[in-house]
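Student: structure for the following, please:
(one chain, ligands or ions: 1)
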Amino acid sequence: MKVLMICLGNICRSPVAEGLLKQRAEELGISITVDSAGTSNYHIGEQPDSRSLAHARARGTDISDLRGRQFTTDDFDAFDQLFVMDYSNYENVVKLARNENDINKVDLLLNQLYPGENQSVPDPYFGGDEGFEQVYNLIDAAVTNYLKNFK
Ligand code: 4NP
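Tutor: The predicted model follows:
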């Protein structure tokens with residue numbers, strides 16, 4: 001199984017999602033390939049946002065080796081499941097889909113936590129620390145639920 005986590009900048013939410021899914025899968029002995037990308041080109045090559053790094057580190061998740069990259073159409077072929085953080089990401093990704101098969105790979109990550117509700121992981125970039133804490137908690141709960149499919 002190959003999973004791609006997607007947000008806008010690939011520096012706040014999707015690196016946390018990548019790090020947490022890798023970590024929780026490893027803890028459960030589940031073999032899974034995980035990467036992340038941003039729909040924008042704003043932060044290519046950059047380390048995760050310092051606030052995401054600090055909050056993840058404080059909770060035991062090391063994402064310091066991740067670097068921003070931009071989502072490309074090739075990712076539809078390289079991954080089985082594309083999880084977007086919010087509806088704007090969903091629209092940006094689906095715009096690049098070539099066919100129904102591509103579109104069917106895309107879903108909001110929080111549908112793993114709140115099925116069918118199409119909820120978003122709020123963008124914490126312009127907010128305070130509590131936003132980054134909320135991002136970590138929502139993503140942790142969602143990936144933990146997702147991994148129940150593998151048992
Ligand atoms: P992310 O957060 O999509 O979770 O990585 C953002 C990062 C950067 C920007 C917006 C959101 N930005 O406008 O540069």
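
Student: could I get the contacting residues of N118?
Tutor: Y87, L108, L110, N111 (CB atoms under 8 Å, 6 or more residues apart in numbering). The C-beta positions use only the backbone N, C-alpha and C, and glycine is treated the same way.

Student: so it belongs to a helix, correct?
Tutor: No: assigned with DSSP: H, G, I helix; E, B strand; the rest coil, N118 falls outside any helix and is coil.

Student: just the pLDDT at it, thanks.
Tutor: Note for N118: predicted pLDDT of 97.

Student: next, it: phi, psi?
Tutor: phi 50, psi 50 (degrees, to the nearest 10).

Student: how far away is the residue of the chain found nearest the ligand from E117?
Tutor: Closest approach between the chain and the ligand, counting by CB to the nearest ligand atom: G9, at 2.6 Å. In this view, G9 and E117 are 24 Å apart by CB to CB, to the nearest Å.

Student: which of those two has more residues huddled nearby?
Tutor: G9 (22 against 10; other CB atoms under 10 Å).

Student: now do the contacts for the residue located most distally from the centre of the chain.
Tutor: Going by CA atoms, centre = their mean, the residue of the chain most distant from its centre is N99, 22.4 Å out. Shown in contact with N99 (CB under 8 Å, 6+ apart): no residues.

Student: next one: V93
Tutor: I6, T39, F71, L82, V84, V106.

Student: what's the next secondary structure element after the helix or strand harbouring R24?
Tutor: Assessed by DSSP states H and E, R24 sits inside helix 13-28. Per DSSP H and E, helix 13-28 leads on to strand 33-38 as the next helix or strand towards the C-terminus.

Student: in that next one, which residues are buried?
Tutor: Using 16 or more other CB atoms under 10 Å as the test for burial, strand 33-38 gives V34, D35, S36, A37, G38.
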